[in-house]
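*Asks:* What follows is a predicted protein model with its sequence.
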Amino acid sequence: MMNNNDSKGPDAAMLRAQNISSEERTVPDAEALKSQGLMKDGECVDDLQCRGYYIIQKEKGFKFGMDAVLLADFATGAPGGRVMDLCTGTGVIPLLMHGRGKGAHFTGLEIQEEIADMAGRSVRMNGLEDHISMVCGDLCDVGIKASDEAGGEKTGFKRGSFDAVTANPPYIKGGHGLVNEASSKMISRHEVYMTLGKLVEAAAYLLKPGGTFAVVYKPFRLSELITELFKARLEPKRMCLVEPHAGEEPNMVLLEAVKYGKPYLNCEPTLCCYGPDGKYTEELLSRYGGYY
């Protein structure tokens, strides 16, 4: 699933807004990338402003948003360990978290074959094949089967084989206003192929005891999220609400839980995205600054 929803804000532009790096970057040549089989028609390359990494995205499709970058910043990850990103979409979260040293190896799981293939090409374009793997598969069958993006072979994930799991999932329950063709846009917003319960079950299955599950979600479903976490014995430990402007209703929640953790929830200060002048707040930009 692509991990982008309508209220997620700007994408690569936000990373560029911080403009900390003084290096002049040259975007890889599109024709050269096509000749190498790394890029297709209708795609573009964006600078992640992170360790010189670039990402391939659809020119007219959904692109990663503010929520993905905030989750990559918020998640503890597993320095020196294995991290799984569910609903990885374009693979932006594994790329950014690798750039921050939040894991030794990352796996991104994406149900849409075309999107998983594109994410895999981004990994190869950045020369990160030894550190990031993209897999096309269904999180509802995470312990049973998944087709490997590179070779098409059947693969399964063992219980407790990851130190950390992240997810930027769809947030609208399926069955509401769906049409016959499940487009990438719809799949990114609606629970077409999964439910919140299945997502949490998959995270709990994959995690080692003491491992962390970090997710970005919508506040109006926070009670459901916490209920599902309790069912799976994932104890909420950290939470941060994100509001567009000071005093407005939050439109995102970042939450991290620990498998078999003891009860204690740390509510971090609310993150405000825009100041009175309509510009990004220094607090928000500082979350992006760590990528340089």
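*Replies:* That came in fine, so what should we check first?
*Asks:* and the longest helix seen in the chain, which residues are buried?
*Replies:* Counting by DSSP state H, the longest helix found in the chain is helix 113-125. The neighbour-count check on helix 113-125 (16 or more other Cβ atoms under 10 Å) flags I115, A116, D117, M118, A119, G120, R121, S122, V123, R124, M125 as buried. Using the backbone N, CA and C atoms, a C-beta is placed for each residue, glycine as well.
*Asks:* I'd like those laid out as TSV, including pLDDT and distance to V92.
*Replies:* Shown next, in TSV, are the buried residues of helix 113-125 (pLDDT from 0 to 100; distance: Cβ to Cβ, whole Å):
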residue	pLDDT	distance to V92
I115	93	12
A116	95	13
D117	96	15
M118	96	11
A119	97	9
G120	97	13
R121	97	14
S122	97	8
V123	97	11
R124	96	15
M125	95	13
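*Asks:* Which single one of the residues you listed is nearest to Q49?
*Replies:* S122 (14.8 Å; Cβ to Cβ).
*Asks:* Would you mind giving the buried residues of helix 113-125 as a markdown table with distance to S286 added?
*Replies:* Formatted as a markdown table, the buried residues of helix 113-125 follow (distance: Cβ to Cβ, whole Å):
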| residue | distance to S286 |
| --- | --- |
| I115 | 30 |
| A116 | 32 |
| D117 | 35 |
| M118 | 30 |
| A119 | 27 |
| G120 | 32 |
| R121 | 31 |
| S122 | 26 |
| V123 | 28 |
| R124 | 32 |
| M125 | 28 |
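*Asks:* Which single one of those is nearest to I132?
*Replies:* Closest approach between these and I132, by Cβ to Cβ: V123, at 4.8 Å.
*Asks:* That closest one against G91, yeah?
*Replies:* Yes: look at V123 against G91 with Cβ atoms under 8 Å: they come within range, at 6.6 Å.
*Asks:* list residues touching both of these two?
*Replies:* The overlap between the contact sets of V123 and G91 (Cβ atoms under 8 Å, 6 or more residues apart in numbering) consists of I132, M134.
*Asks:* Next, work out how far apart K231 and E224 are.
*Replies:* Here the criterion is Cβ to Cβ, to the nearest Å. By it, K231 lies 11 Å from E224.
*Asks:* The two: which is more packed in?
*Replies:* Using other Cβ atoms under 10 Å, the more surrounded residue of K231 and E224 is E224, with 16 against 12.
*Asks:* can you pull up the bridge partners for V216?
*Replies:* V216 forms beta bridges with L254, as assigned by DSSP bridges.
*Asks:* In contact with it, which residues are there?
*Replies:* D67, A68, L70, L71, F74, A167, N168, M252, V253, L254, L255.
*Asks:* ranking these by neighbours, who comes first?
*Replies:* Highest count within the contacts of V216 by other Cβ under 10 Å belongs to N168, 30 neighbours.
*Asks:* That one and K279: what is the separation?
*Replies:* Taking Cβ to Cβ, one finds N168 at 25 Å from K279.
*Asks:* Surely E235 forms part of a strand?
*Replies:* Yes: secondary structure of E235 (DSSP: H, G, I helix; E, B strand; the rest coil): part of a strand.
*Asks:* What is the neighbour count of the closest residue to it other than its chain neighbours?
*Replies:* Of all residues not flanking E235 in the chain, G261 sits nearest, at 3.5 Å (Cβ to Cβ, 6 or more residues apart in numbering). Using other Cβ under 10 Å, the number of residues around G261 comes to 18.
*Asks:* Surely G261 touches G211?
*Replies:* No: using Cβ under 8 Å, G261 makes no contact with G211, being 9.6 Å away.
*Asks:* Quick one: residues contacting the closest residue to Y264 other than its chain neighbours.
*Replies:* Excluding its sequence neighbours, the residue lying closest to Y264 (Cβ to Cβ, 6+ apart) is K237, at 6.6 Å. Taking Cβ under 8 Å, 6+ apart, we find K237 in contact with T212, E256, A257, V258, G261, Y264, L265, N266.
*Asks:* Please report the distance of K237 from T76.
*Replies:* 9 Å.
*Asks:* Pull up the overlap in contacts between the two.
*Replies:* Joint contacts of K237 and T76 (Cβ under 8 Å, 6+ apart) are T212, E256.
*Asks:* Phi first, then psi, for the residue nearest to E235.
*Replies:* Backbone geometry at G261, expressed as degrees, to the nearest 10, gives phi -70, psi 160.
*Asks:* Tell me the confidence at it?
*Replies:* At G261, the model reports a pLDDT of 98.
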